[in-house]
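S.K.: Requesting a structural model of the entry that follows:
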Amino acid sequence: MNELPLSFFQRLPKTDLHVHLDGSLRAETILELADEQGVELPARDVSGLRAAMHAGENTGSLVKYLEAFDITLRVLQTDDALYRVAYELAEDAAAENVRYMEVRYSPMLHVREGLRLTEVVETVLRGLHAAETDHGIESKLILCGIRNISPESSLEMAELVVAYKGRGVVGFDLAGAEYDYPAKDHHEAFSLVRRNNINVTIHAGEAYGPPSIAQALHDCGAHRIGHGCRLREDGDLLHYVVDHRIPLECCPSSNVQTGAIASLQTHPLRLYKNLGARVTINTDNRLITDTTMSKEMWLAHTQIGLSFSDIRQIILNGFKSGFLPFHEKQRYLALVSKQLEAFSADGSIDEGILEAARQAQKRSAPSSPTLVVEHGHAE
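M.R.: Residues are numbered from 1 along each chain as shown. Below you'll find the predicted structure:
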C-alpha cells in the first residue's frame, strides 16, 4: 500500500465526535492561566508539564491516564479560562479542516471557585460560537455525568442537557473510571434525557469488557458507543452493533495509552470496518493523548493498515453519526462527498474540485442556530 503523508490527511474534511474539553488544552495556555490565577502546577515549562501529565505516553490503565485531568481542571474554574480553551480547541481543530465537532465535558467539575453550572455551559458555548464565526467550524456540546462520582450528580448534568437542548447541547454522556462503576446505576439520568428525545453516548468497552457495552445499549439506551475497543470479545454483540448501525467512537492512540489495546497494530478498528460497523475516528484528548484528528487518521492508515478508501468511508461515517438533524447531515454529506472527490489514493489533490466545493459550501451555508450568550442572557 502506498503510504500517504500526514499533510494529505490534514487537508481532508473531518469530524471529531469524541473530544474532551478538559483534555484538549494547549500546554502553553495552561501555564499562562496558572500564572494569571496563581495556581500551582507540577512544572513551569511546557516540556515539564507535558511530562507530568504523561502526554502521549502509554500509562497502562485508564485510571492512571485520567490523573492528567487533575492538572487541567486546576485552571478551568473561571469564565475567562473556559471561554479561552473552548475557542482555542475549535480554532486548533479548524486549522486541520475539522468541519464538525462535538465537544464533551462535565460542568460539575468546573464550579470549585463558585461558577454556576449555567455559566459553565453558556461560557463554553460562547467560546465555540466565536470560533465558528472566525474559523467556520461548527461545534456542539455533549455534557457528561461521571461514573465514579454519583448517580445524583449525573442526574443534575442530565437536567442541564434538557435545559440546553436546542441551544448548542446535543447529547449526554457518562465518562470517568469504568471498572466497578456500572452505567446502569445512573439510570435516572438516562431516563430523563431519553424522555426528552435527546441523544445518548456512553464510554463503554474500554477499561471494562463487552458487558459494559451491552449495558450501555440495552439498559441505558445509548445511540453511540464511546471507544468500544473490546467489543470484539463478544461476536454476537459485535454483530448486533453492526446490524443496528450503532456508531463506534474509536480513539486509537488513546486506547493504547490507557492499556485497553496493546498496540496500534492490534487495534480492532480495521476488523470493525471490514465487518461493516459504522466506525468513526476521534482524538479523545488532544493534549493528553498528544494527537490531532489528522494524526489519528494518518496512524490508522500507516499503523492499522486502512486504505484511503477506508478512510474516506470513515470520514463519511463521522458526518452520518453526528448528533445533528437529518437534513443537516444530508447537507454535510453532499458537500463533503464533493470535496473528497478532489483527493486521490496516490496522494494527489485536485485544487479545482476543492475550490468548486468551497463555493458550493458558501452558497448553501445556513445561519448558525448556536446559542449566543452575552453577560448571562441568551440572544
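S.K.: tell me the strands in the stretch 201-350 of the chain, going along the chain?
M.R.: 224-227, 248-250, 279-281 (DSSP state E, counting those that start in this stretch).
S.K.: Let me have those strands in JSON lines, adding distance to Lys14, mean neighbour count and mean pLDDT as columns.
M.R.: Quick note: C-beta positions are derived from backbone N, CA and C, even for glycine. Output for those, formatted as JSON lines (distance: least, Cβ to Cβ, whole Å; neighbours: other Cβ atoms under 10 Å; pLDDT from 0 to 100):
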{"stretch": "strand 224-227", "distance to Lys14": "17", "mean neighbour count": "28", "mean pLDDT": "97"}
{"stretch": "strand 248-250", "distance to Lys14": "14", "mean neighbour count": "28", "mean pLDDT": "98"}
{"stretch": "strand 279-281", "distance to Lys14": "8", "mean neighbour count": "26", "mean pLDDT": "98"}
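S.K.: Glu96: which of the ones you listed is closest?
M.R.: strand 279-281 (12.9 Å; Cβ to Cβ).
S.K.: So what's the gap between that closest one and the chain middle?
M.R.: How far strand 279-281 lies from its chain's middle: 11 Å, per Cα atoms, centre = their mean, to the nearest Å.
S.K.: counting contacts, what elements does it pack onto?
M.R.: Here strand 279-281 touches strand 14-20, strand 248-250, helix 269-275, helix 293-302, helix 308-321, going by 3 or more Cβ pairs under 8 Å, 6 or more residues apart in numbering; DSSP states H and E.
S.K.: and the fourth one with helix 308-321, angle?
M.R.: Think helix 293-302. Counting by axes from the mean of the first three to the mean of the last three Cα atoms, to 10 degrees, helix 293-302 points 140 degrees away from the direction of helix 308-321.
S.K.: follow-up on the earlier one: let me have the strands of the stretch 201-350 of the chain in CSV, extended by distance to Val46.
M.R.: Converted to CSV, these look like this (distance: least, Cβ to Cβ, whole Å):
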stretch, distance to Val46
strand 224-227, 28
strand 248-250, 29
strand 279-281, 27
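S.K.: in the stretch 151-300 of the chain, what spans have low per-residue confidence?
M.R.: Within the stretch 151-300 of the chain, no range satisfies pLDDT under 70.
S.K.: mind listing the helices for it?
M.R.: 151-163, 187-195, 210-218, 235-243, 252-257, 269-275, 293-302 (DSSP state H, counting those that start in this stretch).
S.K.: if we can go back for a sec, which one of the helices and strands packed on strand 279-281 lies closest to Glu96?
M.R.: Closest among the helices and strands packed on strand 279-281, once you apply Cβ to Cβ, is helix 293-302, at 4.8 Å.
S.K.: And the closest one, what does it pack against?
M.R.: By 3+ Cβ pairs under 8 Å, 6+ apart, helix 293-302 packs against helix 6-11, strand 14-20, helix 252-257, strand 279-281, helix 308-321.
S.K.: Including distance to Met297, could these go into a markdown table?
M.R.: Shown next, in a markdown table, are those (distance: least, Cβ to Cβ, whole Å):
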| stretch | distance to Met297 |
| --- | --- |
| helix 6-11 | 5 |
| strand 14-20 | 7 |
| helix 252-257 | 10 |
| strand 279-281 | 6 |
| helix 308-321 | 6 |
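S.K.: out of the helices of the stretch 151-300 of the chain, deepest packed?
M.R.: Most buried of the helices of the stretch 151-300 of the chain by mean neighbour count (mean count of other Cβ atoms under 10 Å) is helix 252-257; its value is a mean of 25.
S.K.: contact partners of that one?
M.R.: Under the criterion Cβ atoms under 8 Å, 6 or more residues apart in numbering, residues 54, 56-59, 65, 206, 227, 229, 261-264, 267, 269, 281, 283-285, 289-291, 295-296, 299-300, 304 lie in contact with helix 252-257.
S.K.: List buried members of these by neighbour count.
M.R.: Taking 16 or more other Cβ atoms under 10 Å as the criterion, what is buried in the contacts of helix 252-257 is 54, 57, 59, 65, 206, 227, 229, 261, 264, 267, 269, 281, 283-285, 289-291, 295-296, 299-300, 304.
S.K.: what does the average pLDDT come to for stretch 98-112?
M.R.: On average, the pLDDT along stretch 98-112 is 97.
S.K.: do stretch 71-83 as well
M.R.: 97.
S.K.: Show residues contacting that stretch.
M.R.: With contact meaning Cβ under 8 Å, 6+ apart, stretch 71-83 is reached by 22-23, 25, 30, 33-34, 37, 39-42, 49, 52-53, 85, 109-113, 115, 119-120, 123-124, 126-127, 130, 287-288.
S.K.: Let's see which of the residues you listed end up in helices.
M.R.: Here DSSP state H is the test, and those give 30, 33-34, 37, 49, 52, 85, 119-120, 123-124, 126-127, 130 as lying in helices.
S.K.: Export those as CSV, with columns for neighbour count and distance to Leu143.
M.R.: Output for those, formatted as CSV (neighbours: other Cβ atoms under 10 Å; distance: Cβ to Cβ, whole Å):
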residue, neighbour count, distance to Leu143
Ile30, 25, 23
Leu33, 22, 22
Ala34, 18, 26
Gln37, 15, 24
Leu49, 21, 27
Ala52, 14, 28
Val85, 25, 16
Glu119, 18, 14
Val120, 23, 10
Thr123, 23, 13
Val124, 29, 10
Arg126, 21, 16
Gly127, 25, 15
Ala130, 17, 20
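S.K.: what's the spacing between the closest residue to Val46 other than its chain neighbours and Glu152?
M.R.: The shortest distance from Val46 to any non-neighbouring residue, by Cβ to Cβ, 6 or more residues apart in numbering, is to Ala27 (4.7 Å). Ala27 sits 34 Å away from Glu152, going by Cβ to Cβ, to the nearest Å.
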